[in-house]
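Student: sequence and predicted structure below; questions after.
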Amino acid sequence: MLRFSLLRTGHAAVVLLGVTVVVFALMHLVPGDPVRVALGTQYTQESYEALREASGLDRPLVSQYFHYVGSALTGDLGVSFRTGEPVTLVLLERLPATVSLAFAAMVVAVGIAFPLGVYAAARQGKISDTIVRIVSQLGLSVPDFWLAILFVLLFSSTLGWLPPSGYVPLTEDPLGWLSRVIMPATAVGLVSGAIITRFVRSAVLEALGSEHVRTARAKGLRHRIVMGRHVVRNAMVPVVTVIGVQAAILMGGIIVVEVVFAWPGLGRLTFDAVSARDYPVVQGAVLLVAALFLLVSLLVDLLYGRIDPRMSLR
Amino acid sequence: MRRLSRWAGAALVSALLGACSPGTGVDRGLSKDGSGVVAAIAGEPDQLDPHRTSSYFSFEVLENTFDTLVEPDENLTMRPALAERWKVSKDRLTWTFTLREGITWQDGSKFGADDVVYSYRRIIDEKLGNAWRFEGIEHISAPDDSTVVLELDKPIYNLLSRIGGHKGLAIVNKKNVESGKIKTHPVGTGPFSVDDYNPGESVRLKANSRWWGGTPEIPSLTFRFIPEPTTAVADLEAGEVNWTDNIPPQQVERVSQNQDLKLDTAVGNDYWYLATNQKREPFGDPRVRRAIAYGIDRKAIVQATQYGNATVNQLAIPKTNPWHTAYSPYSHNPRRAAKLLAAAGVRDLKIDMLVTKEYPETVTAGQVIASQLEKIGVTVKPREVDFATWLDKQSKGEFDMLMLGWLGSQDPEDFYYAQHHTKGDFNFQKYSNSEVDRLLEEGQEETEKKARKKRYAEAARKIADDASYIYLYNPDVVQAWAPQLKGYKARSDSAVRFRDVGLTG
């Protein structure tokens, strides 16, 4: 297992290096000039040249890239063009908000997907199965920002149950955090939940049709035991994969929902940074998200062995 | 057992919902006890260094933390601020400012004339964004601790508005700048000082008991960054915030009818315009540009983009500004527009129009304008790009037509010179008219107000006749707040000032 983890870390380093090349190239290829954005609409050519030089943007692209990668290896992701703050610090400040929202959203998503998916599969072809399938299709099609605004109008403006926006750290005030996370987490969780529901349903269906399940039934095992021990557990491998992917996507920040609820997470930071062409922040954020993605996929791989001992690593 | 657990679940859910009602939210500067004001603004300041930022969100905060030498009152007349009085020499080339006595920085250190010289030199020497406002100022000196002298190489009529009309010319603290802290924890001389900054969330200010104008009545002022206008209004209605300027145009009427809120509007000094690239054919021909000006229906554009919360204008300066000139040469007249196009020999004109989501009004207006000009046989294709790309395309001249607004102008020079002088820094449409150049230059130097106004009025009429810009409208400044906030007023220059605001019950 140690060897496997080491090997995966080596792979991850190569992937991350690739990510830096792609992001660096993309950010510099798209039109738009950070200096111009920083200066706004009123400035002279002299001011423009001065800021360009101070930001190091006048140097050749290749030299800018190697300088960036060299510093990144030492943990220095540069400083934000806009605020002058170290990118590492900026990212760390935003991470807790995003991770706590992603966690809450996953709780909502899995909380919906599991019961619904298993229930629908167990009643395949019946009307309740059709309803679940239609509802999950709807969930997939509804944009999360629309749900988000609907929630604000319903639960804050009309009913007055929940504060419309804002963020309180979980560690400082758990109840305050909960009251503010419910709406964004549900808006995002419903969409992720719809995706996971479909996976759970089809994985459970597949397991239900397998021979060992038929044997278990023939042995006269009770329905709950068949479902719990033989069906759901066998259906877990693909489900865990899709949950992992969903969790990693959420870690990257949920841009629109973070904007609607004024949630100070990575998504909003990245969005603002892209608009301002704040290259160091965008590069840092993408690198962080890529690293999180790799970490989650490593965890998922390690989990496979737990779920299905045949897949465990020696 | 099963039944019991179901009841337990229901009890848990109701307990959670109870705990989550807005009334139990914690006070993190979200003042509900009446001790301070929470204002919702539409975005986060990029930084709080007044000399380096160009973001309106930064200036909303900085308006309350920094001072300039002089400042505009609500009628945009320049009044004393850090400078108590000033004297102009007979030849109008030397301006002597006398500073107020006993001013201190928010950190307690003493403020003096050297700070003014340092601030102005910083903008000029480091070639910062506002350096152009010092063009024509030859020498800045501090003969003693309370006197600042500006020497010019030619008279500048609007010198006061150049150095005081904008917080980008604020007087900053050298130690604060050199430590680098100015970006997030600036030290100013203004009515509030920065107390706490939560990135992505809010910035909290506290009243400055050392302020020369007297301690503000509200002890704290928190700006929360709420980009989605629907959320900002919901927060205002829920009492989570006490003030906002982030109101969706379509909700202005509803908010104004809410008995529990106050809504105020002022005709803004901002203006929105269309410009065509005169280096590209056929837009070099003024008849084509005029045809577009006759082909559009400004009222319909205002209705679509601002839900009527704007004033149609065919020049830049709004009617509430003392430099306003009444002039409306263009009516909505498609027949005349078609004739002008025919006279110019233009057929099947296709226009590539740059619009950006950063300013959603341009996207909406693009669609409206496309349908209006279709009637005169012109096909407008709005091209939506992000703002960074938009700025790039504008400066490289890669467009047929674009729409944008100019914000924060006060003096006629701000409205016309850089945009329409042949050598103007922002003359991206490449307009050139020697007569207009001459009038704009004379306007800069003219010292008598009436004569100066005449010059600018003449220049503005020519600019409109030549359709260098096709002016559209001045949007209203719309702000809403809780009635407990006393003494707040929406200003036409969009400056957000909380220093005279008090709270009742």
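Tutor: It's in.

Student: wait, B:Ala83 sits on B:Leu99?
Tutor: Yes. Using C-beta atoms under 8 Å, B:Ala83 makes contact with B:Leu99 at a distance of 5.7 Å. C-beta here means a position set from N, CA and C on the backbone, and glycine is covered the same way.

Student: shared neighbours, those two?
Tutor: B:Val148 (C-beta atoms under 8 Å, 6 or more residues apart in numbering or on different chains).

Student: just give me the neighbour total for the closest residue to chain A within the stretch 1-150 of chain B.
Tutor: Distance from chain A to each residue of the stretch 1-150 of chain B (C-beta to the nearest C-beta) is smallest for B:Ser54, at 2.8 Å. Burial of B:Ser54 is recorded as 18 neighbouring residues (other C-beta atoms under 10 Å in any protein chain shown).

Student: now A:Asp301
Tutor: A:Asp301 has 17 neighbours, counted by other C-beta under 10 Å.

Student: counting contacts, what elements does the strand or helix carrying it pack onto?
Tutor: A:Asp301 belongs to helix A:279-307 when assigned by DSSP states H and E. Contact partners of helix A:279-307 among helices and strands, from 3 or more C-beta pairs under 8 Å, 6 or more residues apart in numbering or on different chains; DSSP states H and E: helix A:2-29, helix A:61-73, helix A:87-122, helix A:233-251, helix A:266-275.

Student: hmm, back to that, from what I can see the residue of the stretch 1-150 of chain B closest to chain A touches B:Leu128, true?
Tutor: No. Counting by C-beta under 8 Å, B:Ser54 does not reach B:Leu128; the two are 9.9 Å apart.

Student: highest mean neighbour count out of the helices and strands packed on helix A:279-307?
Tutor: Using mean count of other C-beta atoms under 10 Å in any protein chain shown, the stretch among those with the largest mean neighbour count is helix A:266-275, at a mean of 24.

Student: report the angle between it and helix A:87-122.
Tutor: Counting by axes from the mean of the first three to the mean of the last three C-alpha atoms, to 10 degrees, helix A:266-275 points 120 degrees away from the direction of helix A:87-122.

Student: ok, the nearest residue to A:Arg277 once chain neighbours are set aside to A:Leu89 distance?
Tutor: Leaving aside its sequence neighbours, A:Arg277 sits nearest to A:Pro34 (C-beta to C-beta, 6 or more residues apart in numbering or on different chains; 3.8 Å). A:Pro34 sits 19 Å away from A:Leu89, going by C-beta to C-beta, to the nearest Å.

Student: now A:Val259
Tutor: 22 Å.

Student: same question for A:Gly10.
Tutor: A:Gly10 sits 28 Å away from A:Leu89, taking C-beta to C-beta as the criterion.

Student: same thing with B:Arg287?
Tutor: Taking C-beta to C-beta, one finds B:Arg287 at 58 Å from A:Leu89.

Student: what about residue 76, which SS state?
Tutor: In the absence of a named chain, this looks at chain A. The assignment at A:Asp76 comes out as coil when based on DSSP: H, G, I helix; E, B strand; the rest coil.

Student: looking at chain B here, not the other one
Tutor: Per three-state DSSP, B:Leu76 ends up coil.

Student: so what's it up against?
Tutor: With C-beta under 8 Å, 6+ apart, B:Leu76 has these contacts: B:165, B:269, B:321-322, B:410, B:492-493.

Student: turn these into CSV, columns for pLDDT and neighbour count.
Tutor: Listed next are the contacts of B:Leu76 as CSV, based on pLDDT from 0 to 100; neighbours: other C-beta atoms under 10 Å in any protein chain shown:
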residue, pLDDT, neighbour count
B:Gly165, 88, 24
B:Asn269, 88, 25
B:Asn321, 88, 22
B:Pro322, 87, 13
B:Gln410, 83, 23
B:Ser492, 86, 22
B:Asp493, 86, 20
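
Student: as CSV, the residues you listed with secondary structure would be great.
Tutor: Below are the contacts of B:Leu76 laid out as CSV (three-state DSSP):
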residue, secondary structure
B:Gly165, coil
B:Asn269, coil
B:Asn321, coil
B:Pro322, coil
B:Gln410, coil
B:Ser492, coil
B:Asp493, coil
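
Student: what is the nearest of those residues to chain A?
Tutor: B:Gly165 (12.2 Å).

Student: save the helices and strands packed on helix A:279-307 as a markdown table, and put in distance to B:Ala291 too.
Tutor: A markdown table is the format used below for those (distance: least, C-beta to C-beta, whole Å):
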| stretch | distance to B:Ala291 |
| --- | --- |
| helix A:2-29 | 38 |
| helix A:61-73 | 44 |
| helix A:87-122 | 50 |
| helix A:233-251 | 50 |
| helix A:266-275 | 35 |
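
Student: out of those, the one nearest A:Ile307 is which?
Tutor: helix A:233-251 (4.7 Å; C-beta to C-beta).

Student: distance from that closest one to the middle of the chain?
Tutor: Distance of helix A:233-251 from the chain centroid (C-alpha atoms, centre = their mean, to the nearest Å) equals 12 Å.

Student: any idea how far the residue of the stretch 1-150 of chain B closest to chain A lies from A:Pro34?
Tutor: For B:Ser54, the distance to A:Pro34 - C-beta to C-beta - is 12 Å.

Student: check which helix or strand covers B:Ala451.
Tutor: helix B:449-465.

Student: residues near the residue lying closest to A:Gln64 once chain neighbours are set aside, how many?
Tutor: Excluding the flanking residues, the one nearest A:Gln64 by C-beta to C-beta, 6+ apart is A:Gly56, at 6.6 Å. If you count neighbours by other C-beta under 10 Å, A:Gly56 ends up with 13.
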